[in-house]
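Got a predicted structure plus its sequence, pasted below:
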Amino acid sequence: MILLIVIQIITIQKINDYIELFCLIKKLVINKYRGSYMAKQYSIELIALGQSLSYLRSKTNLTYKEVGEKFGKSTSWMSDIEKGRNNILFTDAKKLMALYDSDLETLSKLYDVNLSQLKDSI
């Protein structure tokens, strides 16, 4: 009887909250067993941005090392951004566009396309 009352009290929204919490816990556990003890989630927005930057870099035939050297950063700096592990400062994005002989409008259009494709694949 008490169980029925408890079930009736729980709303659909609370059930959705529990599902989201379960999914988050599942991701944390998976990350832990992959060797990542940090609860770092890579958002699709960062992945879309990284894909866009990777495409523009590949058009210029620059390597991670070359980009890092021009920015005074490590080789992994650009790699982490392109893989969606880290975000990029707006000022760095502007400098990259100049280095890639491109502009922020092109980056924005590529981002929109990549983000849309990622959302469709989920």
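Arrived safely.

Not counting sequence-adjacent ones, nearest residue to Lys83?
Gly50 (5.7 Å; Cβ to Cβ, 6 or more residues apart in numbering). Glycine gets a C-beta too; all of them are placed from N, C-alpha and C.

Now for the one you found: which residues touch it?
Taking Cβ atoms under 8 Å, 6 or more residues apart in numbering as the contact definition, Gly50 lies against Ile81, Glu82, Lys83, Gly84.

Pretty sure the last one sits against Ile47.
It refers to Gly84. Yes: between Gly84 and Ile47 there is a contact under Cβ atoms under 8 Å: 3.6 Å.

So which of the contacts of Gly50 are in strands?
Nothing among the contacts of Gly50 maps onto strands, per DSSP state E.

which parts of stretch 97-115 are buried?
Met97, Leu99, Tyr100, Ser102, Leu107, Leu110, Tyr111, Asn114, Leu115 (16 or more other Cβ atoms under 10 Å).

so for that stretch, what's the average pLDDT?
For stretch 97-115, mean pLDDT is 94.

export it as PDB, just CAs?
Extracted C-alpha coordinates of stretch 97-115, given in PDB (Å, rounded to 0.1, in the frame of the first residue of the first chain):
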ATOM      1  CA  MET A  97      41.400  31.700 -38.200                       C
ATOM      2  CA  ALA A  98      44.100  34.200 -39.300                       C
ATOM      3  CA  LEU A  99      46.700  31.300 -39.300                       C
ATOM      4  CA  TYR A 100      44.300  29.100 -41.300                       C
ATOM      5  CA  ASP A 101      43.600  32.000 -43.700                       C
ATOM      6  CA  SER A 102      39.900  31.800 -42.700                       C
ATOM      7  CA  ASP A 103      37.400  33.800 -40.600                       C
ATOM      8  CA  LEU A 104      35.100  33.300 -37.700                       C
ATOM      9  CA  GLU A 105      32.000  33.300 -40.000                       C
ATOM     10  CA  THR A 106      33.400  30.200 -41.800                       C
ATOM     11  CA  LEU A 107      34.200  28.600 -38.500                       C
ATOM     12  CA  SER A 108      30.600  29.300 -37.300                       C
ATOM     13  CA  LYS A 109      29.100  27.700 -40.400                       C
ATOM     14  CA  LEU A 110      31.200  24.600 -40.100                       C
ATOM     15  CA  TYR A 111      30.300  24.400 -36.400                       C
ATOM     16  CA  ASP A 112      26.600  24.600 -37.200                       C
ATOM     17  CA  VAL A 113      26.900  21.800 -39.800                       C
ATOM     18  CA  ASN A 114      29.000  19.500 -37.500                       C
ATOM     19  CA  LEU A 115      26.700  20.100 -34.500                       C
END
